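Asks: Need the 3D shape of this:
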Amino acid sequence: MHQRDPFRGGHHRPDARRSQPVPPAPRRGRRRGPRPSFYYTSAGTLLVVGGSVAAIALSGPAPGRDARTASATAESVVPAAADTYVVREMPGRGFGDAGKITASVWPEWHTEAYVAFDVPRGTSRITGARVELTFDRPENRPEVVELRSVTGPWSETGTSWSNRPGTGGVVATATARDDRISFDVGSVVDRPGRYAFAVTNRNESSAASVHSREAGAGGPRLVLTTRPGRAASPSPSATGTPDASGTALPRPGPEPTWRAPRPSTSAGPAKRPGDGRTLCGVSLNLKPGETFQEALGRLDGRYGGLETVRLFYRGVPPAWPGNPDIGERPPIISFKLAPEDVLAGKHDAAMTRWFTTAPRDRDVYWVYYHEPEDNIAKGEFTAADYRAAWRHLRGLADKAGNQRLHATLVLMSWSLEPESKRNWRDYYPGRDVIQVLGWDTYNLGWKKGRYDSPAIMYDRAVTLSEQERLPFGVAETGSYLVGDDKGEKRAAWLRDTNAYLKKHGALWVSYFDLDWETGDFRLLDDPSRKAWQDFC
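Replies: Okay, here's the model as predicted:
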């Protein structure tokens with residue numbers, strides 16, 4: 001038995017009495033499939049703007065067939081009007097004139113590609129559409145490649161990782177079986193206009209490397225199935241337009257080998273935050289009439305000086321230095337925003353400002369929507385939208401250019417247990433998005449009158465973190481006093497727990513020091529308080 005919910009028969013929802021109350025996200029209807037932004041062109045009936053060649057008919061009436069049937073459908077090709085890719089490790093450089101575009105995930109190399117197509121005015125009624133990409137190399141192809149919506153402007157010659165557009169939900173996926181992969185985009189391509197997509201990859205140690213439009217016939221193409229009839233009318237574009245001209249940026253340096261990385265390369269995290277110590281912290285517990293700053297001062301005195309603090313906010317976090325101001329300590333900051341609002345760009349300006357003004361002299365562990373499992377199970381939002389929102393926010397954070405910002409996914413340890421019937425990867429946007437794993441793990445042995453050993457509580461979380469080659473921390477942990485224990489047994493359990501987590505390299509351990517709905521987790525007895533004080 002690992003982490004089953006000690007609260008209300010499911011996992012806990014310890015939000016209501018935190019530094020700011022965090023109510024459950026409002027229930028929302030299921031989102032329709034994400035649509036890319038439309039970019040409309042004033043090109044002629046058959047020509048594609050941006051220097052692209054005209055749409056090419058692939059099929060027409062076949063001899064010997066009934067005229068009405070034969071002319072019912074036809075296929076035509078729209079070549080890409082613009083494409084490029086960006087590299088996280090080369091944030092200021094563009095690749096618009098490269099002969100390929102790539103979506104790669106390596107321990108030290110992450111790329112994302114963008115492609116746009118212009119469907120000409122006068123195109124017949126569209127009944128189907130697919131995007132086709134052709135691999136330029138056979139090695140290390142990912143199992144699945146994603147096509148995502150693009151939520152902002154970009155240009156072929158001026159886009160780099162630092163100014164890349166935001167991306168939304170997955171429009172389509174394709175399995176890499178042959179040299180060409182095909183994405184069904186008929187749900188979004190239904191009229192003349194510009195359609196922009198991002199090409200992304202969630203598969204570790206792989207590269208979706210495909211020919212760019214500079215490769216000519218082998219470049220990206222949009223294949224349309226049409227039927228005679230009037231096409232839907234285009235409407236004005238809401239965002240900027242990629243272009244195929246402009247001043248070329250500096251040529252990129254050499255790319256890494258596409259061969260599998262050496263074992264030494266993938267043996268551990270490339271860069272571990274912190275100074276190698278395991279920091280002690282707590283969740284703030286406010287007394288009636290107490291301010292956040294006063295609560296922090298009281299808990300600092302109680303535990304001899306906290307090294308980190310877990311903070312919770314119902315929406316966009318407050319402007320730095322925050323509320324409370326925790327000084328130079330590395331914070332663990334959770335905030336909850338509805339995924340559909342994130343994907344719609346509702347919080348882009350506020351979150352961009354928050355990331356840009358974050359301190360650069362300490363590590364900042366930012367947590368988007370901790371413990372999403374129950375919300376997803378209740379239908380408040382989908383796992384796909386949650387992952388996409390994570391990717392969108394990570395893009396905003398990267399634009400700040402602050403290496404001390406760490407995207408931290410916090411899940412329930414219970415979700416790792418077979419009894420939960422959950423797959424933790426449903427909530428995991430990928431190693432190219434997440435930089436730190438955080439776990440909320442509670443003593444479930446109290447139900448049987450015991451304190452579970454650290455191995456029972458944490459082994460699964462530690463093993464998984466090591467497998468993902470990501471640093472980890474314990475964002476919440478705690479236990480009630482069990483049976484007739486006056487604190488001595490809990491104190492021993494706390495010391496064993498902290499020794500175990502230090503041994504396994506946890507970045508931080510934050511105790512859930514609150515009196516919650518189903519019981520009191522606070523360390524009010526002297527032995528337990530002394531155990532945490534000694535840790536701090």
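
Asks: how far out from the middle of the chain is the longest strand seen in the chain?
Replies: Longest strand in the chain, counting residues (DSSP state E): strand 74-87. Relative to its chain's centre, strand 74-87 lies at 26 Å (C-alpha atoms, centre = their mean, to the nearest Å).

Asks: Sheet-wise, list the partners of the helix or strand just after that strand with their directions.
Replies: Note on strand 74-87: by DSSP states H and E, the next helix or strand toward the C-terminus is strand 100-106. Using DSSP bridges, the strands paired with strand 100-106 are strand 109-119 (antiparallel), strand 206-211 (antiparallel).

Asks: So which elements touch the longest strand of the chain?
Replies: strand 56-57, strand 100-106, strand 109-119, strand 221-227 (3 or more C-beta pairs under 8 Å, 6 or more residues apart in numbering; DSSP states H and E). Placement of C-beta: from N, CA and C, glycine included.

Asks: What is the last one packed up against?
Replies: Going back to what we said before, that points to strand 221-227. Checked by 3+ C-beta pairs under 8 Å, 6+ apart, strand 221-227 has strand 74-87, strand 109-119, strand 125-134 packed alongside it.

Asks: List the buried residues for that strand?
Replies: 221, 222, 223, 224, 225, 226 (16 or more other C-beta atoms under 10 Å).

Asks: What of stretch 142-152?
Replies: 142, 145, 146, 147, 148, 149, 150, 151, 152.

Asks: and the two most separated of the buried residues of strand 221-227?
Replies: Across the buried residues of strand 221-227, no pair lies farther apart than 221 and 226, at 15.1 Å, counting by C-beta to C-beta.

Asks: Now for residue 466, how many residues are close by?
Replies: Look at residue 466: counted by other C-beta atoms under 10 Å, it has 16 neighbours.

Asks: right, and the strands paired with strand 100-106 - which one's nearest residue 499?
Replies: Nearest to residue 499, of the strands paired with strand 100-106 and by C-beta to C-beta, is strand 109-119 at 35.6 Å.

Asks: Would you mind getting the angle between the closest one and strand 125-134?
Replies: 150 degrees (axes from the mean of the first three to the mean of the last three C-alpha atoms, to 10 degrees).

Asks: Quick one: distance of strand 109-119 to the chain centre.
Replies: 18 Å.

Asks: Residue 521 touches residue 515, doesn't it?
Replies: Yes - the pair residue 521 and residue 515 passes the contact test of C-beta atoms under 8 Å, sitting 7.1 Å apart.

Asks: ok, those two, which is more surrounded?
Replies: The neighbour comparison of residue 521 against residue 515 (other C-beta under 10 Å) goes to residue 521, with 25 against 11.

Asks: Might you list the low-confidence residue ranges for the stretch 1-150 of the chain?
Replies: Residues of the stretch 1-150 of the chain meeting the criterion pLDDT under 70: 1-71.

Asks: still on that earlier bit, out of the helices and strands packed on strand 74-87, nearest to residue 489?
Replies: Nearest of those (C-beta to C-beta): strand 100-106, 45.6 Å.

Asks: which residues touch the closest one?
Replies: 83-85, 95, 110-115, 136, 142, 145-146, 199-212, 215, 220, 256, 261, 430-432 (C-beta atoms under 8 Å, 6 or more residues apart in numbering).

Asks: Just the buried residues of these.
Replies: Buried, going by 16+ other C-beta under 10 Å: 83-85, 95, 110-115, 136, 142, 145-146, 199-212, 215, 220, 261, 430-432, out of those.
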